[in-house]
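In: Okay, sequence plus prediction incoming.
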Amino acid sequence: MGDWKTVTVPVLSSDSKNIFQYTSEKKISPPSMNSQVLRLPLPSSKSMHNFFSAFCTEENIEQSISYLDRELTTLGFPSIYAECKGKELNLISIINCMNELLVLQHKNLRAQEEVEMQHLKLGSDMDHLQNCYAKLKEQLELSKREIIGLQERDRQLQSKNRNLHQLLKNEKDEVQKLQNIISSRATQYNHDMKRKEREYNKLKERLHQLVMNKKDKKIAMEVLNYVGRADGKRGAWRTDKTEARNEEEMYKVLLSDYEQRQKQLLLENAELKKVLQQMKKEIISLLPPQKQKPKERSEDGPVLSDLEEDIGELNKENMWELSCETVREQLTNSIRKQWRMLKNHVEKLDNQVSRVHSGALNDKDVISREDHELETEKLELEIQQCKEMIKTQQQLLQQQLMSPCDDDTTLLLQDCYLLEERERLQEEWRLFREQKKNFEKERRSFTEAAIRLGLERKAFEEDRGAWLKQQFLSMSTDYKMSADYKHSENVTTPSAFLGTSDQDNRLVNSTSRQRKPHWMLSGPISAEPCQTSQYISRNSSNAALKKSAGDSKPNQWEESDEEE
Amino acid sequence: MDFSELFKLSGLLGRFSPDGKCLASCVQYRLVVRDASSLQLLQLYTCLDQIQYIEWSSDSLFILCAMYKRGIVQVWSLEQPDWHCKIDEGSAGLVASCWSPDGRHILNTTEFHLRITVWSLCTKSVSYIKYPKACQQGIAFTKDGRYVAVAERRDCKDFVSLFVCSNWQLLRHFDTETQDLFGIEWAPNGCVLAVWDTCLEYKILLYSLDGRLLSTYQAYEWSLGIKSIAWSPSSQFLAIGSYDEKVRILNHVTWKKITEFDHPATIANTKTIVYKEVEKSPSVETERLSFPPTRALSSSIFSTQSKYDISQLPVSFQYIKPVADRANPKMGIGMLAFSPDNCFLATKNDNIPNAVWIWDIQKLKLFVVLEQLCAIQFFQWDPRQPRLAVCTGNSKVYLWSPAGCVSVQVPMEGDFQIVSLCWHPSGDSMALLSKDNFCVCYLEREEV
C-alpha cells in the first residue's frame, strides 16, 4: 500500500492522462493472465513503460498478483483468485474488482473535483476576507487616529473652557471685590456727607438765627394795594374744619382718579374678554372635527368635551358677570388649550405639505394628487356650466314670471304673445267652425236628402199609385203613353228650374241620384247657388241680410237651417 | 412760515403768557411786554436790577421779575400798569422764585435754601416752609394747582411735604427712602408724585397723593442713575432717562418697566427713518421753503441752506465718550419730552449730541431719528399737536411732525444763533431765542 500511495499522489496532481494510463495499465495486466480480455492499445510513452515495468514484470507476475489480491482483500474487495484453486484467477471477480475500482476511481475523481472547486472557492473567499480584513484594519487605524485627534481636541477645548471659567470666575470675583469696594466707599462717603451736612445745617441754623435776629426791616413786601384773590373768595382761618375739608378733598381727588382708572380697566377687560371669546369660537371652528378619531387623540377628547362644556357655560352666563378669578382662568386656560391644538394641527398640515413638496410620497400618491387636481378642475368647469345654466334658466323664469306692471317692453312683448296666441286661436276657431259647418252642412244635407228621399218616395209611391192607377185605368191606352211619360220625366228635369214644381223635381233628382257619392250630392247643391239663395231669400230673406259679407256659404246654409 | 424781526433779549427770558395774548421779554433790567400776534409794544416796565428770571402768573395778569443778586422780586400788573409790588428778601438772599398756581402767591427760596417764604398778594400773611431741599426740582405743583409738594431735608433725611395751595395748610408729611433726593414731579393727573434720587443711586419712588408709597423702581446699582424723567400727558407712562443711555418706561398700573429704549450709536432696524441734515450749496434759486423771498435774498450770502435727506440704514452716529474723571458727565439721556397727544417721546442721548430720537409710544419702537449737523441745544413739542421744534445753535429752526421734517432758515441779517425756543400756547407761533435776540416765527395752519 505504501508503494501504491507514493505512486498515486503525483499521478493525482498531474494530468489525468497518467491516471487513465494507470487504469489502463490495470486493465492491461490481467489480459496477460487471461486471453479472454480485450486488448487495449497501449499508449506509447516512456513513462508508461516505466510504469508498466515498475510494478509488474515477467519475473514477478505471481508476486504482483498475490500483492494485488492482498491489497484488494484489505480494501474489502473479493479475492481475485478462484476459490480453492490456488493460483487460478477468477476472471469475473477480477473484472468486478476492476469495475469497482473504476467506479471508485470515478467517485474519487468527482470528489476530488468537488474538493478542488471548494478549495478554489474557499481560496477566493479567503482572499476576499483578507482584503476586507485589511481594509477594516486600515479603517480601524484611521478611526483610532481620528479618535485620538478628537480626544486631543476635546482635551484642549476642555482645558480652554476651564481656563475661561477660571477667568470668568476671576472676573466675577474682581467685580464683586470692586462692588464691595464701591459700597464701602459709598458708605464712607455717605457718612462723611452726613457729617458735613450736619455741620452745614448747624451753620444754616446759626445764619438763620442771625438773619432773623437782625430784624431786617428790608425783608418786607411793598405793594401798592393788595390784589383780590383769583377765585374772588376771602381768606379763611386755618382751623381743624379746614384741615378735615382738605383731607376730604384730597381723598375725593384720589378716589375719583382710581374710579376713572378702574372704569377704563373694566372696559378694557370686557373688550379683551369679548375678543378672547370670539377667538375661542373661531379656533374651535377652525379645528378639524376630532370626534372621528377618538383613539388618536385620547387626551384631546375629554379636553374637547370640557371645552364644549366651557363654551356652553360661558355663553350662558352674562359676560359682565365674568369677573371672578376662576372663570377668568378657565377662559384663558381653555383658549390656551385650543390654541395649542390648533398649533399642532397647523404643524401637522405643514409637515404634510413639506413632505409633499419634498416628494417623499410614492408615485401613487403623486399621481392621485394630479388626478385630484384634474378632477377638481373638471368639477369646477362643470359647476361653472351648471351655474351659467341655472342663471339663464333663472333669467328666463324671471322673465316669464315677472308681473305685467314691471316694464313697458315686457308688456308689449306679452301683448304680442297674446295677440299671436289669440290670432292663432282665432284661426283655429275659424277652422273649427268651418269644419263644424261643413259637418253640419253635410248632416243637414243628409237629413234633407233623407227627407227628400222620404218625400220623393212618398211622391213616387203616389205617382206609382197614380201611374198604376192610370195604367190600370188606361190599360187600353197606348204603350207610347208610358214612353212619353218617361221622356217627359227626362225633359222636365231641365225645366225644373222654374215654377212651383221645383221642389218636387228636385226631390225626384235627388232620389234618382241619391246613390251617388256624398260629395256629388253636395256638388250640385253648391252648383246651384243662385236658386238656393233665391230659395232662401224667399223663405228667410232676413236671415240672409243679417249675414255679413265675410261669411262663407256654409254659414248661409247653417243659418237657413236654423231659421227653418 | 413768517418770521418777525429781531428784538433784543437777555438771559433767554422770553415767555408767552398762558392765555397766549402777550409775549414778555427782558432786556437787561427792562421788562418788555408785547402783543403775541403783532409784536406791538404793550407795556414797558423797568426793574431795579438785571432781571434773572421772569414768570407769568397763571391768569396772565401779573409778571414776576426776580433779581437774585439784589434779592428782590418785582411784580407787575398788565391790567394796571401803575400797580407795583416789590418783595425784598434782604440779607436772606434769593435763589429762586416762582408763582403759586392761583397767581396770588409768590414762593421765594432764600439763599442756602434756608427757607421758602410764601408771600401773598391778597393778604398780609406770610408763610414759611422750613428746611427746603437744595435740589434742582424741589417744588412741584399739581397740574390743577391744588397741591404743592415740597422736598425737605431734616437730619440728613429726605422728606416731602404736601400743602394745599388754597390755604397753605400742611396736608401730608412723609419721609422718602432716598439717599439724596434729586427731584420731585407730579403726574399730570395730580395723584402720583415721582421722587427720584441722586445720580449716584438709581432709585425712583412713587407716592400717592395721600402719602403712601406706591412703588419703588431701581434698574441697577452702582452705575450713575437717573438723569431725567418725564410723565406722559395721560399719566399712563413714566419715562426715566438714565446715564446708561437708556430710557425705561414704567406703566401706571403696575409701576413696572414695560420697555427699555436703547440709544445705540448704530441703528440697523429698517423700520426706523433717519433724517440727516445735509448742507445744500448756497444758492438763491433752489428754495424749497415757502417764506417770503425778499428776506431770503439778503441773508442767503451769510447762511447755507440745509435740507433733510433720508439716510440708508444702517446708520452710525457720532458717538462721544466723555472724560471719565469729571463730575456730571455729558452722557446718558439728558432730555425727555412726551408729545401732547401721548403718541411720541422725544429723547436726546448726550453721548450722541447731534441726534434727536423720536419714539412711537403706541408701538413702543423707535420711529425717527433726526441727525443734525450741530449739537442739539433744545427741543420742545408743540402744545397742541405732535410737532417738534428743534434748535441746534445755528440760525435754523427744525420742525418735525409725523408727516415729515423741514429745516427752516431764519431769514435774519447777521448772526442769529438760536439757543432756545418757546412755543405759543396755541401752537401757532414760537419764539426763537438766542443769547442777545429773539424773533417770533409764525406758522401757518397747514405747515408741516
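Out: Looks like it arrived, so ask away. Numbering: from 1, shown residues only, chains lettered A, B, ... in the order given.

In: how deep is residue 383 tucked in, by neighbour count?
Out: All of this refers to chain A. Using other C-beta atoms under 10 Å in any protein chain shown, the number of residues around A:Ile383 comes to 10. (Glycine included, C-beta is placed from N, CA and C.)

In: actually chain B
Out: 16.

In: Which of the three states applies to it?
Out: Taking DSSP: H, G, I helix; E, B strand; the rest coil as the rule, one finds B:Pro383 in the coil state.

In: Quick check, it in contact with B:Gly427.
Out: Yes - if you go by C-beta atoms under 8 Å, B:Pro383 and B:Gly427 touch, sitting 5.5 Å apart.

In: Check the stretch 51-200 of chain B for the residue nearest chain A and tell me.
Out: For the stretch 51-200 of chain B and chain A, the shortest gap (C-beta to the nearest C-beta) falls at B:Gly90, measuring 3.7 Å.

In: Distance of that residue relative to B:Ala66?
Out: 15 Å (C-beta to C-beta, to the nearest Å).

In: Then A:Asp125?
Out: 113 Å.

In: Could you check which of the two is surrounded by more residues?
Out: Counted by other C-beta under 10 Å, A:Asp125 and B:Ala66 do not tie: B:Ala66 has more neighbours, with 26 against 11.

In: Given the helix or strand where the more buried one lies, what are its sheet partners and their directions?
Out: Applying DSSP states H and E as the criterion places B:Ala66 in strand B:62-67. Here strand B:62-67 has these sheet partners by DSSP bridges: strand B:53-56 (antiparallel), strand B:72-77 (antiparallel).

In: tell me the mean pLDDT over that strand?
Out: Average pLDDT, strand B:62-67: 92.

In: what comes into contact with that strand?
Out: Strand B:62-67 has contacts (C-beta atoms under 8 Å, 6 or more residues apart in numbering or on different chains) with A:227, B:24, B:26, B:31, B:33, B:45, B:47-57, B:72-78, B:94, B:96-97, B:99, B:103, B:106, B:121.

In: rerun at 7 Å
Out: If you take C-beta atoms under 7 Å, 6 or more residues apart in numbering or on different chains as the criterion, strand B:62-67 is touched by B:24, B:31, B:47-56, B:73-77, B:94, B:97, B:99, B:103, B:106.

In: just checking, the residue of the stretch 51-200 of chain B closest to chain A touches B:Gly71?
Out: Yes - here B:Gly90 reaches B:Gly71: they are 6.3 Å apart, a contact under C-beta atoms under 7 Å.

In: More neighbours: the two, which one.
Out: The residue with more neighbours, out of B:Gly90 and B:Gly71, is B:Gly71; 23 against 17, by other C-beta under 10 Å.

In: What ranges does the stretch 301-450 of chain A have for its helices?
Out: Secondary structure of the stretch 301-450 of chain A by DSSP state H, counting those that start in this stretch: the helices cover A:325-358, A:363-401, A:408-473.

In: quick check: mean pLDDT across the second one?
Out: If I follow you right, that is helix A:363-401. 82.

In: quick one: it to helix A:408-473, angle?
Out: For helix A:363-401 against helix A:408-473, the angle by axes from the mean of the first three to the mean of the last three C-alpha atoms, to 10 degrees is 70 degrees.

In: Spit out the contact partners of the nearest residue to B:Leu224 once chain neighbours are set aside.
Out: The shortest distance from B:Leu224 to any non-neighbouring residue, by C-beta to C-beta, 6 or more residues apart in numbering or on different chains, is to B:Tyr243 (3.6 Å). When contacts are counted by C-beta under 7 Å, 6+ apart, B:Tyr243 is found next to B:199, B:223-225, B:227, B:331-332.

In: now A:Ile451
Out: Contacts of A:Ile451 (C-beta under 7 Å, 6+ apart): none.

In: Please report how far whichever residue of the stretch 201-350 of chain B sits closest to chain A lies from A:Leu401.
Out: Nearest residue of the stretch 201-350 of chain B to chain A (C-beta to the nearest C-beta) works out as B:Leu209 at 5.0 Å. According to C-beta to C-beta, B:Leu209 stands 77 Å off from A:Leu401.

In: For the two, work out which one has more neighbours and name it.
Out: Shown here are B:Leu209 and A:Leu401; by other C-beta under 10 Å, B:Leu209 has more neighbours (24 against 7).

In: Now the more buried one. Its backbone dihedrals?
Out: The phi/psi pair for B:Leu209 (degrees, to the nearest 10) reads phi -60, psi -30.

In: For the strands paired with strand B:62-67, give me JSON lines that also has mean neighbour count and distance to A:Lys263.
Out: Converted to JSON lines, those look like this (neighbours: other C-beta atoms under 10 Å in any protein chain shown; distance: least, C-beta to C-beta, whole Å):
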{"stretch": "strand B:53-56", "mean neighbour count": "20", "distance to A:Lys263": "36"}
{"stretch": "strand B:72-77", "mean neighbour count": "22", "distance to A:Lys263": "43"}
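
In: could you redo these as JSON lines and give each row mean pLDDT?
Out: As requested, the strands paired with strand B:62-67 are arranged in JSON lines below (pLDDT from 0 to 100):
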{"stretch": "strand B:53-56", "mean pLDDT": "93"}
{"stretch": "strand B:72-77", "mean pLDDT": "91"}
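
In: Can you show me the strands along the stretch 101-250 of chain B?
Out: Taking DSSP state E, counting those that start in this stretch as the test, the strands found in the stretch 101-250 of chain B are B:105-109, B:115-120, B:126-130, B:139-141, B:147-154, B:157-164, B:169-175, B:181-186, B:192-197, B:204-208, B:213-217, B:226-231, B:237-242, B:246-251.

In: Could I get the ones you listed in JSON lines, plus columns for mean neighbour count?
Out: Formatted as JSON lines, these follow (neighbours: other C-beta atoms under 10 Å in any protein chain shown):
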{"stretch": "strand B:105-109", "mean neighbour count": "23"}
{"stretch": "strand B:115-120", "mean neighbour count": "21"}
{"stretch": "strand B:126-130", "mean neighbour count": "15"}
{"stretch": "strand B:139-141", "mean neighbour count": "19"}
{"stretch": "strand B:147-154", "mean neighbour count": "22"}
{"stretch": "strand B:157-164", "mean neighbour count": "20"}
{"stretch": "strand B:169-175", "mean neighbour count": "16"}
{"stretch": "strand B:181-186", "mean neighbour count": "23"}
{"stretch": "strand B:192-197", "mean neighbour count": "24"}
{"stretch": "strand B:204-208", "mean neighbour count": "21"}
{"stretch": "strand B:213-217", "mean neighbour count": "15"}
{"stretch": "strand B:226-231", "mean neighbour count": "22"}
{"stretch": "strand B:237-242", "mean neighbour count": "24"}
{"stretch": "strand B:246-251", "mean neighbour count": "20"}
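
In: Among those, which comes closest to B:Pro411?
Out: With C-beta to C-beta as the criterion, B:Pro411 lies closest to strand B:226-231 of these, at 33.5 Å.

In: What strands line up against that closest one, and which way round?
Out: Strand B:226-231 is paired, per DSSP bridges, with strand B:237-242 (antiparallel).

In: got a pLDDT number for the nearest residue to B:Asp244 once chain neighbours are set aside?
Out: For B:Asp244, ignoring the flanking residues on the chain, the nearest one in space by C-beta to C-beta, 6+ apart is B:Ser223 at 6.1 Å. pLDDT, B:Ser223: 83.

In: Point out where the chain drops to low pLDDT.
Out: You didn't pick a chain, so chain A it is. Confidence mapping of chain A against pLDDT under 70 gives the ranges A:1-53, A:83-87, A:214-219, A:229-238, A:288-324, A:359-368, A:402-407, A:410, A:477-564.

In: please go with chain B instead
Out: In chain B, residues with pLDDT under 70: B:281-303, B:445-448.

In: now the helices for it?
Out: Applying DSSP state H to chain B gives helices spanning B:293-299.
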